[in-house]
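Enquirer: here's my sequence, what's the structure:
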Amino acid sequence: MSADKTTWVKVHPAMVRICHWGNAIAIILMVMSGWQIYNASPLFPFRFPKAITLGGWLGGAIQWHFAAMWLLVANGLLYLVYNIASGRLRMKFWPIRPGEVLHDLGQALRGRLAHADPTHYNAVQKLAYVGVMLLIAGVVVSGLAIWKPVQFGVITELLGGYEFARRVHFFCMALIVFFVAVHVVMVALVPKTFIAIITGRAKAGVVEAA
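Expert: Numbers count the residues shown, from 1 in each chain. I've put the predicted structure just below:
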């Protein structure tokens, strides 16, 4: 008889875990304060419930929004520099092949997507994580165009003007919220991934990378 041995593997380096939670805090603060700012001048015929906004009024929301923005930008740059310098960006997120994305998405929708290697992202995860990086860049750039449309006039014009920049900002925010909602659902379905992003380790062949 032989005893079962659990093999633990390193999934998330400390820097990645720190940046993950920094981004989570910044995005929550920016979204909730952004909804309060939106309510002061809605783009569409609806407003967000006051209970899920932050700041209490336009001035307070703007203060929260800009404080969180600097956290998001600093944290995002740190994450990007670390991933590029360490080679993690290339190893973890590339290549992204359309055929593999469609295959893995189909398997996931059928509940058949298994992961024997917790250090490896499947094609759908690669696309989602790279996509949310681009969305965060988009929300920052469009935010600059809204904040200083004269000083950042070139950016504002490239985005189609002030009003269209507001719409770009809104839809980038909406897609980020959608990503976060799906991410939370996936963590709820595979709760061990939550432990992995805290401890940085996962059981080989058991826990998905997240």
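
Enquirer: now the helices for this protein?
Expert: 14-40, 58-86, 88-93, 98-109, 123-147, 153-158, 162-189, 192-199 (DSSP state H).

Enquirer: out of those, which gets nearest to residue 8?
Expert: For residue 8, the closest of the helices of the chain is helix 192-199, at 9.2 Å, according to Cβ to Cβ. Glycine gets a C-beta too; all of them are placed from N, C-alpha and C.

Enquirer: still on that earlier bit, include distance to residue 48, mean pLDDT and mean neighbour count when you put the helices of the chain into TSV, please.
Expert: As requested, these are exported to TSV (distance: least, Cβ to Cβ, whole Å; pLDDT from 0 to 100; neighbours: other Cβ atoms under 10 Å):
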stretch	distance to residue 48	mean pLDDT	mean neighbour count
helix 14-40	4	94	18
helix 58-86	11	93	16
helix 88-93	32	88	15
helix 98-109	30	83	14
helix 123-147	17	92	19
helix 153-158	25	93	14
helix 162-189	11	92	15
helix 192-199	27	83	16
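
Enquirer: who wins for proximity to residue 52 among those?
Expert: Closest among these, using Cβ to Cβ: helix 14-40, at 6.4 Å.

Enquirer: what's that closest one packed up against?
Expert: Helices and strands touching helix 14-40, as assessed by 3 or more Cβ pairs under 8 Å, 6 or more residues apart in numbering; DSSP states H and E, comprise helix 58-86, helix 123-147, helix 162-189, helix 192-199.

Enquirer: go with 6 Å
Expert: helix 58-86 (3 or more Cβ pairs under 6 Å, 6 or more residues apart in numbering; DSSP states H and E).

Enquirer: with distance to residue 8 added, can I get the helices of the chain in CSV?
Expert: Formatted as CSV, the helices of the chain follow (distance: least, Cβ to Cβ, whole Å):
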stretch, distance to residue 8
helix 14-40, 16
helix 58-86, 21
helix 88-93, 19
helix 98-109, 25
helix 123-147, 21
helix 153-158, 46
helix 162-189, 19
helix 192-199, 9
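
Enquirer: so which of those helices gets nearest residue 51?
Expert: Evaluated with Cβ to Cβ, those place helix 14-40 nearest to residue 51, the distance being 10.1 Å.

Enquirer: contact partners for the most centrally placed residue in the chain?
Expert: Centroid-nearest residue in the chain: residue 132, 4.7 Å away (criterion: Cα atoms, centre = their mean). For residue 132, the contacting residues are residue 179, by Cβ atoms under 6 Å, 6 or more residues apart in numbering.
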